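J.: Got a sequence here, can you build the structure:
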Amino acid sequence: MTKRLERALGHSFSDASLLRTALTHRSHGLPHNERLEFLGDAVLNGIVAKELFDRFPDQQEGILSRLRSNLVCQDTLHRLALSLALGDFLKLGEGELKSGGNNRPSILADAMEALFGAVWADAGFDAASGVIRRLYGKLFSEIVPEKPVKDAKSRLQEYLQGRKLPLPKYLLTATEGEAHAQQFQVVCQIEALKIETTGRGGSRRAAEQMAAEGALERLCVP
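T.: Below is the predicted model of the structure:
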């Protein structure tokens, strides 16, 4: 059955145990895929960063970081997993199966990263790079980095309003340092989506912007 998945990935595993482990959630038992997920996260971030670096030589670090965050976030990984029907191959514990774990975005996204890690462990960096570049090919080609970018709070507000969701709450949770060099900590809460992110900055506004940026990353909003 996993041969179908290997064909979709474009990689045939020499060590089948790596593929089995990548597809095993911790609820099923040991060995599970969390170590491979760690490896996959590293190779995915590296390959996506290099692809963006090569494609957009005129773009600054901030824009490249924003583009990368959008490409490696849970929502994008979840969509890739769905395109592979990855949920059909996962090994889950009974409780996770009953609760629909094979369709849960977080579980599918983590398993996607574990697959990338498994390919790297099985056949090396170039093989993992090839798999990632093939799967991400359409996404790479659709990137328009010149698209005007509003500040994070405005983008977050527009995203929520467009989905008829309540606006976020920004809560000042800490103020540290002397008056001339204070650091502010702000929490951004989106209660309807159960999202909470923290930002820090030299002003309350800067901290709010950082917290909003974190929420946008969680939501995969470019």
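J.: for the protein, longest helix please?
T.: helix 34-55 (DSSP state H).
J.: Give me the neighbour count for the closest residue to residue 105 other than its chain neighbours.
T.: Distance criterion Cβ to Cβ, 6 or more residues apart in numbering; nearest residue to residue 105, sequence neighbours excluded, is residue 78 at 4.1 Å. (Glycine included, C-beta is placed from N, CA and C.) Residue 78: 22 surrounding residues under other Cβ atoms under 10 Å.
J.: in stretch 60-67, what's buried?
T.: Buried residues in stretch 60-67, counted by 16 or more other Cβ atoms under 10 Å: 63, 64, 66, 67.
J.: Centroid-nearest residue for the protein?
T.: Centroid-nearest residue in the chain, with Cα atoms, centre = their mean: residue 73, separated by 1.7 Å.
J.: Okay, now the unreliable bits of the protein?
T.: 146-150, 179-181, 222 (pLDDT under 70).
J.: Where do the helices of it begin and end?
T.: Using DSSP H, the helices found in the chain span residues 2-9, 16-22, 34-55, 61-72, 74-83, 94-98, 105-123, 125-141, 152-162, 204-219.
J.: I'd like these as a markdown table, with distance to residue 168 appended.
T.: Putting the helices of the chain into a markdown table (distance: least, Cβ to Cβ, whole Å) gives the following:
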| stretch | distance to residue 168 |
| --- | --- |
| helix 2-9 | 38 |
| helix 16-22 | 35 |
| helix 34-55 | 27 |
| helix 61-72 | 18 |
| helix 74-83 | 18 |
| helix 94-98 | 30 |
| helix 105-123 | 21 |
| helix 125-141 | 27 |
| helix 152-162 | 6 |
| helix 204-219 | 7 |
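J.: so who does the residue lying closest to residue 64 once chain neighbours are set aside touch?
T.: Leaving aside its sequence neighbours, residue 64 sits nearest to residue 52 (Cβ to Cβ, 6+ apart; 5.0 Å). Going by Cβ atoms under 8 Å, 6 or more residues apart in numbering, residue 52 touches 59, 64, 67, 68, 71, 143.
J.: likewise residue 10?
T.: 130, 131, 134.
J.: likewise residue 43?
T.: 116, 117, 120, 125, 128, 129, 132.
J.: Give me the domain ranges for the protein.
T.: If you go by automatic domain parsing, the domain ranges for the chain are 2-141, 152-219.
J.: got the end-to-end distance for the last one?
T.: Right, domain 152-219. Terminal residues of domain 152-219 are spaced 12 Å apart (Cα to Cα, to the nearest Å).
J.: repeat for the first one
T.: With Cα to Cα applied, domain 2-141 spans 29 Å between its terminal residues.
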